[in-house]
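# pasting the structure only:
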Ligand code: MRU
């Protein structure tokens with residue numbers, strides 16, 4: 001079975017699989033400076049909440065190797081994308097290593113490298129644990145609807161929601177994934193389909209607008225999506241279109257699950273209203289590749305994420321277990337458990 005790392009640390013450089021080029025080409029970027037890492041995150045060569053957190057951590061290591069001001073690298077990386085809290089969570093972890101450090105520069109580089117590698121390895125372990133916990137939620141034969149890309153590409157390896165589909169498949173369950181194409185960046189059509197094809201997992205790509213129809217016509221057993229930030233209330237920011245999907249799932253009585261590591265849970269943010277939502281360049285909507293598809297002069301609005309209210313979420317699967325409503329109680333308990341408390 002094919003597997004690959006979207007992010008690999010080579011000791012002196014960060015190697016990223018350029019996700020803008022999938023599926024037509026497998027191109028690797030070799031980054032040696034924090035500005036390059038920030039640009040890769042901003043331009044979505046690397047994307048997906050856990051993946052950008054890990055990439056940013058290595059961005060700090062690169063700055064330290066070059067003897068650059070770490071506070072500046074930290075600020076640059078924090079400014080790359082606003083919604084996924086994993087970015088800030090990873091940079092906070094790195095900051096706890098470098099802030100106030102007074103020893104030898106070489107020892108600091110080593111300590112930062114060790115922390116970044118720990119962030120990356122913990123992500124892989126968390127994703128596998130998420131998949132194992134979720135097995136009890138997946139019927140032996142399941143039609144599963146998925147949005148965006150939450151697989152190996154979106155994480156350090158394995159994936160969250162797509163990882164659940166993978167583990168269920170590997171456990172011998174007969175799963176069929178319906179993949180929302182996920183406009184405008186097509187993470188579902190380009191990336192999730194590519195991953196499931198590589199893994200030999202049965203799937204069908206659908207237009208985003210087809211999800212209600214597919215629930216009505218084929219009977220979807222569950223929806224599973226990832227998350228970019230989960231507020232203390234359980235309100236969840238994820239790729240634009242997730243909220244519509246949750247509404248359709250509720251109408252059809254389909255369980256709607258969110259899968260994410262506890263590094264995506266932001267207990268400091270009380271509810272979805274306080275989650276910053278990234279707006280991206282209008283060109284993502286006005287053009288299909290080089291071709292303009294929106295008339296010149298028509299205004300567009302291009303939010304990259306939306307917030308699904310907690311009341312539409314049946315459960316949140318983390319590496320520490322499954323949180324059920326009321327999330328105000330279940331989420332802090334799982335975060336404590338994940339931190340060893
Ligand atoms: O804009 P993207 O492609 O970075 O958005 C990604 C998502 O919304 C994912 O669902 C989320 O980050 C979880 S990835 C495990």
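All right, it came through fine. If you're wondering where the values come from, they're calculated on a predicted model, not measured in any experiment. Numbering: from 1, shown residues only.
# tell me the domain ranges of the chain?
Recorded structural domains for the chain (assignment: the TED database) are 7-128, 131-339.
# report the contact partners of the residue of the stretch 101-250 of the chain found nearest the ligand.
Per CB to the nearest ligand atom, residue 226 is where the stretch 101-250 of the chain lies closest to the ligand, at 2.8 Å. Every residue, glycine included, has its C-beta placed from N, CA and C. Shown in contact with residue 226 (CB atoms under 8 Å, 6 or more residues apart in numbering): 48-49, 148, 150, 154, 160-162, 238-239, 258-260.
# out of those, which are inside strands?
238-239, 258-259 (DSSP state E).
# what sits against the nearest residue to residue 158 once chain neighbours are set aside?
Among residues not flanking residue 158 along the chain, residue 127 sits closest, at 4.0 Å (CB to CB, 6 or more residues apart in numbering). Residue 127 makes contacts with 50, 155-160, 163, 261, 319, as judged by CB under 8 Å, 6+ apart.
# by neighbours, which of those residues wins?
Counting neighbours by other CB atoms under 10 Å, residue 50 comes out on top of the contacts of residue 127 with 35 neighbours.
# just checking, that one touches residue 161?
No: using CB atoms under 8 Å, residue 50 is not in contact with residue 161, being 11.7 Å away.
# so residue 10 versus residue 301, what's the distance?
Separation of residue 10 from residue 301 (CB to CB, to the nearest Å): 40 Å.
# scratch that, residue 274
Between residue 274 and residue 301 the computed distance is 20 Å (CB to CB).
# do residue 182 as well
The gap separating residue 182 from residue 301 is 17 Å, by CB to CB.
# between those two, which one's more packed in?
residue 182 (24 against 7).
# grab the nearest non-local neighbour of residue 168.
Setting aside the residues directly before and after it, residue 168 is nearest to residue 138 in space (CB to CB, 6+ apart), at 4.5 Å.
# list the contacts for that neighbour?
Contacts for residue 138 (CB under 8 Å, 6+ apart) come out as 144, 164, 168, 173, 175, 221-222.
# what's the most distant pair in the residues you listed?
Farthest-apart pair in the contacts of residue 138 is 164 and 221; separation 12.6 Å (CB to CB).
# what helix or strand is the residue nearest to residue 158 located in?
helix 105-134 (DSSP states H and E).
# need the pLDDT of the residue nearest to residue 168.
Here, the pLDDT recorded for residue 138 equals 98.
# that one and residue 164, how far apart?
7 Å.
# equivalent analysis for residue 207, please.
Going from residue 207 to residue 164 by CB to CB gives 23 Å.
# which of these two has more neighbours?
Regarding residue 207 and residue 164, a neighbour count based on other CB under 10 Å identifies residue 164 as having more, with 30 against 14.
# what helix or strand is that one on?
Judged by DSSP H and E, residue 164 forms part of helix 161-170.
# hmm, that helix in reach of the ligand?
No: using CB under 6 Å from any ligand atom, helix 161-170 stays clear of the ligand, coming no nearer than 6.8 Å.
# next secondary structure after that helix?
As assigned by DSSP H and E, the chain's next helix or strand after helix 161-170 is strand 174-180.
# ok, and what's touching that next one?
So strand 174-180 is contacted by 138, 140-148, 162, 165, 168-169, 188-189, 192-193, 196, 201-208, 211, 214, 218, 220, 241, 245 (CB under 8 Å, 6+ apart).
# repeat for stretch 74-82
34-35, 37-39, 41-42, 52, 56, 59-60, 87-88, 91, 94-95, 276-278.
# which PyMOL command selects the buried ones in these?
PyMOL command restricting the contacts of stretch 74-82 to the buried ones, with burial defined by 16 or more other CB atoms under 10 Å:
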select buried, resi 34+35+37+38+41+42+52+56+59+60+87+88+91+94+95+277
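# looking at the contacts of stretch 74-82, which are in helices?
Judged by DSSP state H, the contacts of stretch 74-82 include 34-35, 37-39, 41-42, 52, 56, 59-60, 87-88, 91, 94-95 as members of helices.
# contacting the ligand as well, which ones from those residues?
Contacts with the ligand within the ones in helices among the contacts of stretch 74-82, as defined by CB under 6 Å from any ligand atom: none are present.
# tell me the one of these nearest the ligand?
Checking these against the ligand with CB to the nearest ligand atom, the nearest one is residue 52 at 6.8 Å.
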